[in-house]
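**Student:** Got a sequence here, can you build the structure:
(4 chains)
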2 protein chains.
Amino acid sequence: MDNIKISKTKKVLKGERLLSFGDIAKFAHKVESGCLKSYVIDNTGKEHILQFAPEGWLIGDMDSSTNKKPSVVFIDAIEDSEVSFIPTSFFEDFHSIEKGLLTEMSIKLRNNLIATNKRIISLLSATAKERYIEFTQTYPTLVQRLPLKLIASYIGITPEYLSDLRRKIAKQK
Amino acid sequence: MDNIKISKTKKVLKGERLLSFGDIAKFAHKVESGCLKSYVIDNTGKEHILQFAPEGWLIGDMDSSTNKKPSVVFIDAIEDSEVSFIPTSFFEDFHSIEKGLLTEMSIKLRNNLIATNKRIISLLSATAKERYIEFTQTYPTLVQRLPLKLIASYIGITPEYLSDLRRKIAKQK
DNA sequence: AGGAAAAATTAAGGTAGCTTAAGAAATGAG
DNA sequence: CTCATTTCTTAAGCTACCTTAATTTTTCCT
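**Tutor:** Coordinates of the predicted model:
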């Protein structure tokens, strides 16, 4: 959260892991520079990206940190990054949080929920092509910055099929 | 929210609509009895269910009510229900909300976000069969109560294909 | 600059899940 | 109880998207 100054920032290199499957998340992270991703790995070994976190974004596993459960997600740096570590104990008990901060948190939770719901709508009701176009419109800066295979993973298709789609989209112009 | 007593409850009949595409949501709803659904309709005219709200649940379109946008979702009663109407003005400005209620809301937002994230994981990384089994385990009472075609819509498949899956699941026992 | 690694493309063949359509079963209204 | 409506099932043919694998292009490292 913007108000939390208690955490030091740390440099992490591309490829470094901040949370692993099975861990109980002790920190959330605010990205100061660079970019992180959170993702799951399915039965067949394939990676599915839940979130990208470029500068200014928060990332973590709320289920693990809130409920002290082993995490089902991984969090890795996908660029060299500077990241602050926010102890999850900090917002464990909402009752003990000062009102201003709680308000700020609620707004973030609400916005996050709205965004997450949009993604569900998209996954349920749009084709792969539509989801790709939507992604490029919603996150134009990420499109320029991230490998296509990560974008494919985020929108729920294979890199090969995304490549096909891009060719078709380019052709029809 | 549990604390909000200001809203009267109203009976709504199966099939009645509480929110339509294009409306700006003026109310959220707490279901006292019965069941509601929220859903979108895609380009091809197909319905995709975002949420079921049986007794005790809240339902609404947060994006529309927060941002005063025309809604992209519909909310209908799927059983005869008793529903309370919570004016969205009530939680429009988080700063003006009393601390206890804000805490309660934050916890609900957080839990909702955790659940919503699980659904994204499921949509990205599980097969239709796995999603169906997951649904029956997560919402056993809804499975007994709802038409299968609504469950199919929620997990993102057609009723015909769900029927196939159920036959295969039954056979392999 | 040069070689290795990562990312992207292309193409052929495959499958999960969809479409259409028709019939059977269950539910509901009068 | 009966007719109408909704739900569920079955099956055949189809398509969006996947798998595998090979090639090209780009990026990265020293």
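**Student:** how about the strand or helix carrying residue A:101 against chain B, any contact?
**Tutor:** Element membership of residue A:101, judged by DSSP states H and E, is helix A:99-125. Yes: against chain B, helix A:99-125 shows contacts by Cβ under 8 Å from any Cβ of the partner chain at A:99, A:102-103, A:105-107, A:109-110, A:112-114, A:116-121, A:123-125. In short, each C-beta sits where N, CA and C put it, glycine included.
**Student:** Are any of those buried, and if so which?
**Tutor:** The neighbour-count test (16 or more other Cβ atoms under 10 Å in any protein chain shown) applied to the residues of helix A:99-125 next to chain B identifies A:102-103, A:105-107, A:109-110, A:112-113, A:116-117, A:119-121, A:123-125 as buried.
**Student:** From residue A:167, how far out is residue A:58?
**Tutor:** Residue A:58 sits 36 Å away from residue A:167, going by Cβ to Cβ, to the nearest Å.
**Student:** who touches residue A:68 in this structure?
**Tutor:** Going by Cβ atoms under 8 Å, 6 or more residues apart in numbering or on different chains, residue A:68 touches residue A:24.
**Student:** low-confidence ranges in chain A?
**Tutor:** Along chain A, the model assigns pLDDT under 70 to residues A:1-7, A:173.
**Student:** Okay, domains of chain A per the record?
**Tutor:** A:1-92, A:93-125, A:126-173 (automatic domain parsing).
**Student:** Among those, which comes closest to residue B:37?
**Tutor:** Smallest distance to residue B:37 across the domains of chain A (Cβ to Cβ): 13.2 Å, for domain A:93-125.
**Student:** What strands line up against the helix or strand containing residue A:40, and which way round?
**Tutor:** Using DSSP H and E, residue A:40 falls within strand A:35-41. Strand A:35-41 pairs in its sheet with strand A:47-54 (antiparallel), strand A:74-77 (antiparallel), by DSSP bridges.
**Student:** re earlier: what angle sits between the helix holding residue A:101 and helix B:99-125?
**Tutor:** Between helix A:99-125 and helix B:99-125, the angle comes out at 30 degrees (axes from the mean of the first three to the mean of the last three Cα atoms, to 10 degrees).
**Student:** Distance from helix A:99-125 to the middle of the chain?
**Tutor:** Centre-to-centre, helix A:99-125 and its host chain are 13 Å apart (Cα atoms, centre = their mean, to the nearest Å).
**Student:** All the helices of chain A, in order from the start?
**Tutor:** A:62-67, A:99-125, A:128-138, A:140-145, A:148-155, A:159-171 (DSSP state H).
**Student:** State the distance from the most centrally placed residue in chain A to residue B:146.
**Tutor:** Nearest to the geometric centre of chain A sits residue A:51, at 2.0 Å (Cα atoms, centre = their mean). For residue A:51, the distance to residue B:146 equals 31 Å [Cβ to Cβ].
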